[in-house]
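S.K.: quick one: sequence and predicted model below, then my questions.
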Amino acid sequence: MKDGGMASGAIERVVIVGGGTAGWMAAAALGSYLAGTGTRITLIESSEIGTIGVGEATIPTIRRFYASLGMTDAEVMRACEATAKLGIRFVDWKPGTSFVHPFGRFGQDLRGIDFHHFWAKARAAGQAAPLEEYSLGAMLAREGHASVPLPNPPSQLSVFDWALHFDAALFAAHMRDYAERSGVMRIDAKITDVSLDGETGFIESVTLGSGEKVEGDLFIDCSGFRGLLIGEALGIGYQDWSHWLLCDGAFAVQSERVGLPPSCTTVTARTAGWQWRIPLRAREGNGIVFSSSFQSDDEARAELLAHVPGKPTMEPRRLRFTPGRREVAWAKNCVSLGLASGFLEPLESTSIALIETGIERLKQLFPDKGFDPAVIAEYNIQCAEEMERVRDFIILHYNLSTREGPFWQACRDMTLPDTLAAKMELWRARGAFIRYRWEMFHPASWLAIYGGFEHLPERIDPGVAAVSVAELAPALEQMRAAVARTVSDTPTHEEFLATVDGAAAEPRNQSLRTPA
């Protein structure tokens, strides 16, 4: 039988190896997608093997993921001790300053020209506020407010989105409950062996500790960094990106909550990396991501604990990782998801989002038993390009930082990936954005980072010359004031959470008039 030439016909048996966030998200989504088709889904996990389960911050795509399963925001937030996330606040990446990367737009475009060109002109004349003051999402996050966006925003100034901070273990359990109600079968066991077809190299079965074999047509590897199927059994290599992403480890610790929960993740630059602070309902999640080449474990741990506001409720947990991705995410009859497919540090909360897109792509390209190479190739191209785009966006933060110290200097001195270098060069030359395929972060996100670091273009759109600073300044002030008024009329984060606890959150009146 030739490679990929398994008997044609529909996939009858899907075997997911590993639980945790990735495994149970895949089980829930595929259980829903394949309902009524006769396909059997089995998930194998061992209660004796822990999961990483650190990721507590998400981006707005998570809400669309669980909405596709019929779940509401209120349901998930109550089940997972969740709070609202309107963006990420970066502290001291440019020493002595902070800025917010929101889930939303900045300002109002004028005369068919993007807002940031006008803002750059006014700023050069000393007639503009900081960029984030023209973003509703950014100011909601900065002021600790939260609300649901209007379904039909009346202007660009009203456009924002939101995500969740949640307990990852509770979220996985919520997905598990849904998946098992959908008919997914769970086996609690360790896998001791993986059997391959001697002719095709396809995975035939996995052997459990009891000696039982579990056969499948399609296998999904959610076994974490180990990559039990994709790496150990199938021998798929790993692209190491540590020459671009210097951080290779972390300490994570939970602590008692201090004060009211902000409606954003806070990431603060440190000696050889950065520290996160994530607010949940009853506690906070904290951690430090650092480079072991520039800081020892003891130094990183001490730096983390010195800046945890509340009392730690556990010993810090040491995590090690190699940033990068599998050479291919799908090999033979095995698709890898989550940490098994690669890892990018959590600076922009992309780990769960990459699980979501991997699942969605698998649904769109779901194979039959023939495993057509064209389907597998397209899946792998999309996965690789998306990972590379996220990689570039994360590198940008480090490259633009003006912090002093050996680590930060190394981040500025490195040779950038060609794709990132091209983006930065076009921004410098014209204030324009290159948009590649499979980009998770759109121009507004790149603008947030450029603007936050005050990394502005040398030239802007020539059409801006038609508007004088005297005309421009009042228009910008109207935008800024409209955002500020709306934020003051919006519930605080605590009020928003109380609304969620009572019922599904309803949009509040946050119409912003388009400035004249």
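M.R.: Now that the structure is in, tell me what you want to look at.
S.K.: elements contacting the helix or strand containing Gly137?
M.R.: With elements taken from DSSP states H and E, the one containing Gly137 is helix 136-143. Using 3 or more CB pairs under 8 Å, 6 or more residues apart in numbering; DSSP states H and E as the contact definition, the elements that helix 136-143 packs against are strand 87-91, strand 98-102, helix 469-488. For every residue, glycine as well, the C-beta is placed using N, CA and C.
S.K.: dump the ones you listed to JSON lines, plus mean pLDDT.
M.R.: Formatted as JSON lines, these follow (pLDDT from 0 to 100):
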{"stretch": "strand 87-91", "mean pLDDT": "98"}
{"stretch": "strand 98-102", "mean pLDDT": "98"}
{"stretch": "helix 469-488", "mean pLDDT": "96"}
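S.K.: now render those as a markdown table, adding mean neighbour count.
M.R.: Putting these into a markdown table (neighbours: other CB atoms under 10 Å) gives the following:
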| stretch | mean neighbour count |
| --- | --- |
| strand 87-91 | 24 |
| strand 98-102 | 24 |
| helix 469-488 | 17 |
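S.K.: could you list the low-pLDDT ranges of the stretch 301-450 of the chain?
M.R.: Applying pLDDT under 70 to the stretch 301-450 of the chain flags no residue at all.
S.K.: where along it do the helices fall?
M.R.: In chain order, the stretch 301-450 of the chain shows helices spanning 351-364, 373-400, 406-413, 418-430, 443-452, with DSSP state H, counting those that start in this stretch as the criterion.
S.K.: indicate which one of the ones you listed is closest to His117.
M.R.: Checking those against His117 by CB to CB gives helix 418-430 as the closest, at 9.5 Å.
S.K.: and the angle for the closest one with helix 373-400?
M.R.: In this structure, helix 418-430 runs at an angle of 50 degrees to helix 373-400, with axes from the mean of the first three to the mean of the last three CA atoms, to 10 degrees as the basis.
S.K.: show me what helix 418-430 is packed up against.
M.R.: Counting by 3+ CB pairs under 8 Å, 6+ apart, the packing neighbours recorded for helix 418-430 are helix 373-400, helix 443-452.
S.K.: pick the most deeply packed of these.
M.R.: Sort those by mean neighbour count, taking mean count of other CB atoms under 10 Å, and helix 443-452 sits at the top with a mean of 22.
S.K.: ok, back up a step: next, format the helices and strands packed on helix 136-143 as a markdown table and append distance to Phe321.
M.R.: Conversion of the helices and strands packed on helix 136-143 to a markdown table gives the following (distance: least, CB to CB, whole Å):
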| stretch | distance to Phe321 |
| --- | --- |
| strand 87-91 | 20 |
| strand 98-102 | 23 |
| helix 469-488 | 37 |
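S.K.: closest to Val159 out of the helices of the stretch 301-450 of the chain?
M.R.: Of all the helices of the stretch 301-450 of the chain, the one in closest proximity to Val159, counting by CB to CB, is helix 443-452 (8.9 Å).
S.K.: identify the residues contacting the closest one?
M.R.: Contacts to helix 443-452, defined as CB atoms under 8 Å, 6 or more residues apart in numbering, come from residues 90, 93-94, 97, 99-102, 104-106, 116, 119, 130-132, 135, 138, 393, 396-397, 400, 423, 427, 433, 435, 455-456.
S.K.: still on that earlier bit, distance to Ala331 for the helices and strands packed on helix 418-430 - can I get that in CSV?
M.R.: Conversion of the helices and strands packed on helix 418-430 to CSV gives the following (distance: least, CB to CB, whole Å):
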stretch, distance to Ala331
helix 373-400, 8
helix 443-452, 32
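S.K.: those: which one's closest to Cys222?
M.R.: Ranking these by distance to Cys222, with CB to CB as the measure, places helix 373-400 first at 14.7 Å.
S.K.: quick one: the strand or helix carrying Gly285 to chain centroid distance?
M.R.: For Gly285, the host element (DSSP H and E) is strand 283-290. A distance of 16 Å separates the centroid of the chain from that of strand 283-290, by CA atoms, centre = their mean, to the nearest Å.
S.K.: so which other helices or strands are in contact with that strand?
M.R.: Counting by 3+ CB pairs under 8 Å, 6+ apart, the elements that strand 283-290 packs against turn out to be strand 249-256, strand 273-279, helix 297-306.
S.K.: using PDB, write down the CA coordinates of it.
M.R.: Written as PDB, here are the backbone C-alpha positions of strand 283-290 (Å, rounded to 0.1, in the frame of the first residue of the first chain):
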ATOM      1  CA  ARG A 283      -6.700  34.900  42.800                       C
ATOM      2  CA  GLU A 284      -4.100  36.200  40.500                       C
ATOM      3  CA  GLY A 285      -1.800  34.400  38.100                       C
ATOM      4  CA  ASN A 286       1.800  35.600  38.000                       C
ATOM      5  CA  GLY A 287       5.000  34.500  36.200                       C
ATOM      6  CA  ILE A 288       8.300  35.600  34.800                       C
ATOM      7  CA  VAL A 289       9.500  34.600  31.300                       C
ATOM      8  CA  PHE A 290      13.300  34.900  31.000                       C
END
